[in-house]
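Trainee: Predicted model, plus sequence, below.
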Amino acid sequence: MKINEYKEEIYKCSGCGLCQSVCPVYKILQTECAVSRGKFKLLNSIINQDIKFSKRTLEIMDLCLHCGACSEFCPSDIDAQKIIETAQADMLELGIFDFRKLFFAQVFGNKFYLTVIKFFVILVRNLKILEILSIFKFKRIELLKSFLKINIKPLKKFANVKKEIKVVYFAGCFNNYLNPSCSNAVFKVFDKTNVEIITSSFNCCGLPLKSAGDMETFVKIARTNIDSLPQVFDYLIFDCQSCKNTFLEYSKYLEGDYKIKALELKNKCKSIYEILDIINYEPRKKWKNSVVTCHYPCHTRFTEDKKIMRKIINKISNITFVEAKNADACCGAAGSFLCTHPVLSRKISKNKAKDIIASNAQIVLTSCPSCYLGLKQGLLEQNSNIKVLQLIEFLVL
Amino acid sequence: MIKTINNTNSKLKKKFEKILGEGNVLTAREDCIMYATDATAAGIDLYLPDYILFPADTVQVSEIVKIAYENNIPITVRGAGTNMAGCCVPFKGGIVLAINKMNKILDFDIQNQTIKVQTGVIVGDLQNIVEKEGLFYPPDPSNLAVSTIGGSLALSSSGSRTFKYGGTKDYVIDLTIVLANGEIIKTGANTIKNATGYNLTQLFVGSEGTLGVITEATFRLIPKPEQNKVMLVYFKKIADAANAINAIIMSKIVPSVLDIMDKTTMQIIEQYCDAGFLTNNDAALFIEVDGDEAHIQSQINVIQQICLDFGASEQQISATKEEKQKIWKARRSSFGAVAKLRPNVLSEDMVVPRSKMPDMIKKTYEIAEKFDVNISIVGHAGDGNFHPHIAFDMRDRQEAERVNAAIKELFLSAINLGGKISGEHGIGSAKAKYLKYSVDTTTLKYMKQIKSIFDPKNIMNPQKIFDYENK
Ligand SMILES: Cc1cc2nc3c(=O)[nH]c(=O)nc-3n(C[C@H](O)[C@H](O)[C@H](O)COP(=O)(O)OP(=O)(O)OC[C@H]3O[C@@H](n4cnc5c(N)ncnc54)[C@H](O)[C@@H]3O)c2cc1C
Ligand code: SF4
Ligand code: SF4
């Protein structure tokens, strides 16, 4: 069992219970199952062979958004996400897994399924199926409808000219297969700059598989993604924080040549916002007077991206920026969590929305498509019509 | 190792589910493990409960307790489970009654400046709610972001601001309690004053869940002080800092906070969050003064002069909200930060007459050296209440024994200086065997009689406070 490697780290938990104050799942459920302290106590007992991994253990470990709030906060410096993931992987090996989560992961891990979904979405969109269904007033349908509605049109002409900085663009699955709006925005923003975008055909970054504990497929995907990179480029850029972080972690899971390549790649992985910062991008557009706030995706937690997003927003003239309370608290979507724990996810999103509404903002910006869903879900629950947008879309809208 | 046999009875489980709803009854072994311990450094032995129950209100608690009473099932009430005296360990199995879902504000009476809440409400949340109306609930255990009202009442919690404003016990005016047989009593009134019969309210404050379940509580509030400032004054010798404390108090100034930190504590906290402590000093006084602007300045002037007289080396003053928040966060993370040193931490909380603080600090360092244990000190110096944090690895038998011996000597030293073994963390199971040194036999006899009046079957948090043989 891999979890044994974390014996000391898990034992380090002093049981101070302070993680209760930051865990979004604890705030809803109010039980030890939710928070990292409880999870560590349970894993400690498993390591001490008091009990064995079980279905219930999996349920408890799955009550986690992998948001990292507790890891960032923990005075004993324990990396909860890594430990919980390892436990999940151990259980998968023992045949204990959540079918839904694995199914979701497999879909994302497979280009064919994704392509099928892509056509399905196009069909739904063109036949206005959601519009028809929305007479039933299901919140879920409203949510999807709103997600598909944001629509930055593609560039009329994509000029393939040589430019100073060459970047490879990794567009996340949401962009590639569900709604290309954000990708279109990326091309638009960089069009007038000295950055040349090179496209390539990638797989999913592998995060859904990693968090479902399917490390075997995850490693396979990581390798093909590395193979898909062109020979020469300056940066590999991401419009989604989660994808970027997953790439940054490749080296931990790969071996041999791939490990070396993944390590080399680390310095080249940048979010689109980091690139905008490097080239000192000046937003040209004058925005009409509005109050804007920002939701920082969990994956920006241990990075500079938070600051950079703020810096770019501050450059936009005519808007007033307000910081909402708990602006870096998880939105509740957390990838497959939205599907595997719908009720819980909705409640977490609702809490998130309360803070956004209290900030009096008219628009909330973020940098992750999954967060879009979480934020919108919460705002719909609260019957609020605050707009949700990716920062990159906001720059060209 | 799991020490208790699982006694979950499916008939009773059904009964509980009927009262509470299905999601509010947990019995799986995995869940029981998570509820077997609290924030007290625990060995490898685990005492599991049989049921973990989440009631929503007083009536549900009463119904559960009645069933427990009829069936002789022990009940351990649990708030956030952050006490450090083993108060929540269910040695005899039975029910863990988790009050976390009883978290409603029942009545906020702004005119009369009182608030009535269910006891699962978080202390910090209560503070935020009343502050929005310009009111103040001062008791501030350093883990107020998680600590429940119930836990802070049952342990008579206090904090840094207790020096000026008093602790939990000074603000509670009324309690609703479910007794061991399920009967419900109200101990006080909605009024600020009350001399109507015995003061049962105070009997239940600090009762550690051994007399009954506190389900609702009413507190009086005070107007929020206009402003405050936080200052850190550094000393090259901790003895000088301790003497400065006495001089400040003698000068009749009452800062809202008068805490002390030693060098090790500062260094460790600095590693956790860079608070900007000047760690080349031996000790720092953490002082907060409040009031209107002129009053604040005059207090600061006097304090500065006194500290200089006693050899203060440097000082920092923070006035902006952000600066203050940063410093407070640092101060409140001392326990957690010490936990970084070694896997286990014990935080003791002896209290001595405050003039004896310098002696107690000196003694503590001697003991640390004598038993070769790692002790760092933070303390509510103004109250004579101080926390030696002992970092160690419990799995190392020899080290654990040295720690135990050191603790015993710390307790005896505090008692010799005219103090008590606990100022705010309670006795629980961890300190039960030392109670006899700190409370005389006759008093102890009456305490035990009180326990048996309220809890004749000894089902309310058994094995706590008093030294029961054969645990
Ligand atoms: C990091 C850290 C810092 C701390 N700082 C301080 C501090 O500054 N000052 C201080 O005083 N303490 C401090 N403590 C100790 C402790 O956390 C506090 O006493 C706290 O108030 C306990 O609250 P809780 O909700 O966690 O109670 P729990 O640990 O859940 O319970 C404590 C006791 O109260 C009983 N109890 C709980 N709720 C009820 C109820 N409704 N009815 C009857 N009995 C009940 C339980 O049975 C148990 O005996 C600290 C602890 C930690 C881990
Ligand atoms: S904050 Fe860290 S050390 Fe404290 S209980 Fe949570 S996981 Fe354990
Ligand atoms: S990662 Fe987030 S959801 Fe998971 S235990 Fe930590 S704080 Fe809770």
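Mentor: Noted; the coordinates are in hand. Numbering: from 1, shown residues only, chains lettered A, B, ... in the order given. Ligands and ions are numbered 1, 2, ... in the order given.

Trainee: Contact partners for the residue in the stretch 151-300 of chain A positioned nearest to ligand 3?
Mentor: Residue nearest to ligand 3 within the stretch 151-300 of chain A: A:C298 (7.5 Å; Cβ to the nearest ligand atom). For glycine as for every other residue, the C-beta is placed from the backbone atoms N, C-alpha and C. By Cβ atoms under 8 Å, 6 or more residues apart in numbering or on different chains, A:C298 lies in contact with A:L65, A:H66, A:C67, A:G68, A:A69, A:D328, A:C330, A:A334.

Trainee: what does B:V178 give?
Mentor: By Cβ under 8 Å, 6+ apart, the residues touching B:V178 are B:T58, B:V61, B:S62, B:V65, B:I184, B:G212, B:V213, B:T215.

Trainee: In CSV, list the residues you listed along with secondary structure and neighbour count.
Mentor: CSV is the format used below for the contacts of B:V178 (DSSP: H, G, I helix; E, B strand; the rest coil; neighbours: other Cβ atoms under 10 Å in any protein chain shown):
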residue, secondary structure, neighbour count
B:T58, helix, 19
B:V61, helix, 29
B:S62, helix, 19
B:V65, helix, 26
B:I184, strand, 17
B:G212, strand, 29
B:V213, strand, 29
B:T215, strand, 24
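
Trainee: Could you single out the nearest of those residues to A:G17?
Mentor: When these are ranked by distance to A:G17 (Cβ to Cβ), B:V213 comes first, at 20.3 Å.

Trainee: My guess is that closest one contacts B:I95. True?
Mentor: No. Applying Cβ atoms under 8 Å as the test, B:V213 and B:I95 come out as separate, 10.6 Å apart.

Trainee: can you list the domain ranges for chain A.
Mentor: A:2-96, A:285-394 (automatic domain parsing).

Trainee: Which one, of those, ends up nearest to B:S355?
Mentor: The closest of those to B:S355 is domain A:2-96. By Cβ to Cβ, the value is 32.0 Å.

Trainee: For the closest one, measure first residue to last.
Mentor: One end of domain A:2-96 sits 15 Å from the other (Cα to Cα, to the nearest Å).

Trainee: so where's the chain shaky on pLDDT?
Mentor: Because you didn't say which chain, this covers chain A. Low-confidence segments of chain A (pLDDT under 70): A:130, A:134-137, A:156-160, A:285-286.

Trainee: try again with chain B
Mentor: B:469-471.

Trainee: Mind listing residues that contact the lengthiest helix in it?
Mentor: The longest helix of chain B (DSSP state H) is helix B:397-416. Applying Cβ under 8 Å, 6+ apart, the external contacts of helix B:397-416 come out as B:346, B:348, B:350-352, B:360, B:363-364, B:367-368, B:370-373, B:375, B:388, B:390, B:392-394, B:420-421, B:431, B:434, B:437-438.

Trainee: Which members of the residues you listed are positioned in strands?
Mentor: B:L346, B:I375, B:P388, B:I390, B:F392 (DSSP state E).

Trainee: got the residues of chain A near ligand 3?
Mentor: For chain A, the residues in contact with ligand 3 (Cβ under 6 Å from any ligand atom) are A:22-25, A:35-36, A:64-70, A:80-81.

Trainee: how close does the residue of the stretch 151-300 of chain A closest to ligand 3 sit to chain B?
Mentor: To chain B, A:C298 is 20 Å away according to Cβ to the nearest Cβ, to the nearest Å.

Trainee: Does the nearest residue to that residue once chain neighbours are set aside lie in a helix or a strand, and which?
Mentor: Using Cβ to Cβ, 6 or more residues apart in numbering or on different chains and skipping residues adjacent in sequence, the residue nearest A:C298 is A:C67, 4.1 Å away. If you go by DSSP states H and E, A:C67 is not part of any helix or strand.

Trainee: Was I right to think A:C67 contacts A:C330?
Mentor: Yes. Using Cβ under 8 Å, A:C67 makes contact with A:C330 at a distance of 3.8 Å.

Trainee: Between the two, which contacts overlap?
Mentor: Common neighbours of A:C67 and A:C330 (Cβ under 8 Å, 6+ apart) are A:P24, A:C298.

Trainee: what's the distance between the closest residue to B:F136 other than its chain neighbours and ligand 3?
Mentor: Excluding its sequence neighbours, the residue lying closest to B:F136 (Cβ to Cβ, 6+ apart) is B:K224, at 4.1 Å. Counting by Cβ to the nearest ligand atom, to the nearest Å, the separation of B:K224 from ligand 3 is 31 Å.

Trainee: Quick check: B:K224 touching B:Y137?
Mentor: No. At 9.5 Å, B:K224 and B:Y137 do not qualify as touching, with contact defined as Cβ under 8 Å.

Trainee: So which of the two has more stuff around it?
Mentor: A direct count of neighbours by other Cβ atoms under 10 Å in any protein chain shown for B:K224 and B:Y137 places B:Y137 higher, at 24 against 18.

Trainee: measure that one to B:A154 for me?
Mentor: To B:A154, B:Y137 is 17 Å away according to Cβ to Cβ, to the nearest Å.

Trainee: again with A:N48
Mentor: To B:A154, A:N48 is 30 Å away according to Cβ to Cβ.

Trainee: For ligand 1, what's its nearest residue on the stretch 51-200 of chain A.
Mentor: Nearest residue of the stretch 51-200 of chain A to ligand 1, counting by Cβ to the nearest ligand atom: A:P75, 8.2 Å away.

Trainee: Spit out the contact partners of residue 5.
Mentor: In the absence of a named chain, this looks at chain A. Going by Cβ under 8 Å, 6+ apart, A:E5 touches A:T86.

Trainee: Switch to chain B, please.
Mentor: B:G93.

Trainee: any idea how far B:N72 is from it?
Mentor: Taken as Cβ to Cβ, the span from B:I5 to B:N72 is 15 Å.

Trainee: B:A406 now?
Mentor: B:A406 sits 39 Å away from B:N72, going by Cβ to Cβ.

Trainee: got it, and B:L46?
Mentor: To B:N72, B:L46 is 22 Å away according to Cβ to Cβ.

Trainee: repeat for B:D309
Mentor: B:D309 sits at a distance of 63 Å from B:N72 (criterion: Cβ to Cβ).

Trainee: Ok, B:L48 next?
Mentor: Distance from B:L48 to B:N72, by Cβ to Cβ: 18 Å.

Trainee: More neighbours: which of the two?
Mentor: Neighbour count, other Cβ under 10 Å: between B:L48 and B:N72, B:L48 has more, with 26 against 11.

Trainee: check contacts around the residue nearest to that one when sequence neighbours are not counted.
Mentor: Of all residues not flanking B:L48 in the chain, B:C32 sits nearest, at 4.1 Å (Cβ to Cβ, 6+ apart). The contact partners of B:C32, by Cβ under 8 Å, 6+ apart, come to B:N6, B:L26, B:L48, B:P49, B:D50, B:I52.

Trainee: contacting residues for the closest residue to ligand 1 within the stretch 251-400 of chain B?
Mentor: Residue nearest to ligand 1 within the stretch 251-400 of chain B (Cβ to the nearest ligand atom): B:F335, separated by 3.8 Å. Shown in contact with B:F335 (Cβ under 8 Å, 6+ apart): A:S14, A:C16, A:P75, B:S142, B:N143, B:V345, B:S347, B:H387, B:H389.

Trainee: go with 6 Å
Mentor: Contact analysis of B:F335 by Cβ atoms under 6 Å, 6 or more residues apart in numbering or on different chains lists B:S347.

Trainee: Quick check: it vs A:V22, distance?
Mentor: Distance from B:F335 to A:V22, by Cβ to Cβ: 16 Å.

Trainee: before we move on, back to that, which two of the contacts of B:V178 have the greatest separation?
Mentor: Within those, B:T58 and B:G212 form the most distant pair, 11.4 Å apart (Cβ to Cβ).

Trainee: Residue numbers of chain B in contact with chain A?
Mentor: By Cβ under 6 Å from any Cβ of the partner chain, the part of chain B that sits against chain A consists of B:2, B:28-30, B:33-34, B:39, B:80-82, B:100-101, B:145-146, B:272, B:333, B:336-337, B:339-340, B:343, B:345.
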